[in-house]
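>>> Attaching a predicted model along with its sequence, questions to come.
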Amino acid sequence: MELVLIALTALVVVVIALLAVGSAVGKTTAMPPQIVVDAHEAIEFCAEALPVEVTSELSYDQLRRLLRLHLEWVQFYHWAPEGSSDGPILFEEFDAVGYVVERADTVGLDASREHIMAVVEAHSSYLQVMGAIHLEDPVTAESDLAELPELAGSEASALDEGGPEASNAAEGPG
């Protein structure tokens, strides 16, 4: 009888462990691919992308510190919590410049606003190339929206009720 009780207990423990591991694997599988930013690679990329006027006045250490401040801004202000269904996080690149300028003054990092703008632009390009962020040119986005035709009343209500697929399905095969 004791052996049956021990076997039953072991079976329950194994089932609970498998459920816990399966749940953790499911969460990990659902996560987007993780991007690892190599600090040395980012510094090299940005140093090559920066104009000569900026690289002649900024040291590698200053560039590294500015990149850290920009990453700080990205992490602090644009973190999407797990399970968030808010969609993509949108931000203006100029917000980052203002933040980095303020933080550079706070930490005693001597860099002009123009240099910081160039560094933020180069670093944003690096993060975009790495796949860590997606930046869309606001001018392009506005022109794309401007090219859309205005909606008539019935089309607008069909879009509000389920999108273009719903209005196409209501019309039937064309």
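Happy to help now that I have it.
>>> tell me what the lengthiest helix in the chain is packed against?
Within the chain, and with DSSP state H defining each element, the longest helix by residue count is helix 2-30. Contacting helix 2-30 under the criterion 3 or more CB pairs under 8 Å, 6 or more residues apart in numbering; DSSP states H and E is no other helix or strand. Backbone N, C-alpha and C define where each C-beta goes, glycine included.
>>> Residue 128 - how many residues pack around it?
Under the neighbour criterion other CB atoms under 10 Å, residue 128 is assigned a count of 13.
>>> gap between it and residue 9?
In this structure, residue 128 and residue 9 are 54 Å apart, going by CB to CB, to the nearest Å.
>>> on that earlier part again, avg pLDDT for the longest helix of the chain?
Within the predicted structure, the mean pLDDT of helix 2-30 is 91.
>>> cool, and stretch 98-109?
Along stretch 98-109, the predicted local confidence has a mean pLDDT of 92.
>>> what's that stretch in contact with?
For stretch 98-109, the external contacting residues (CB atoms under 8 Å, 6 or more residues apart in numbering) are 62, 65-66, 69-70, 72-73, 77, 110-111, 113, 116, 119-120.
>>> Show me what counts as buried in it.
99, 100, 101, 103, 104, 109 (16 or more other CB atoms under 10 Å).
>>> With stretch 118-132 instead?
118, 119, 120, 121, 122, 123, 124, 126, 127.
>>> Which ones among the contacts of stretch 98-109 lie within helices?
Using DSSP H to define helices, the subset of the contacts of stretch 98-109 located there is 62, 65, 66, 69, 70, 72, 73, 77, 113, 116, 119, 120.
>>> for residue 35, what are its contacts?
Counting by CB under 8 Å, 6+ apart, residue 35 makes contact with 130, 131, 132.
>>> Can you read off the pLDDT for it?
Per-residue confidence (pLDDT) for residue 35: 75.
>>> and if you look at residue 173?
Confidence for residue 173, expressed as pLDDT, is 44.
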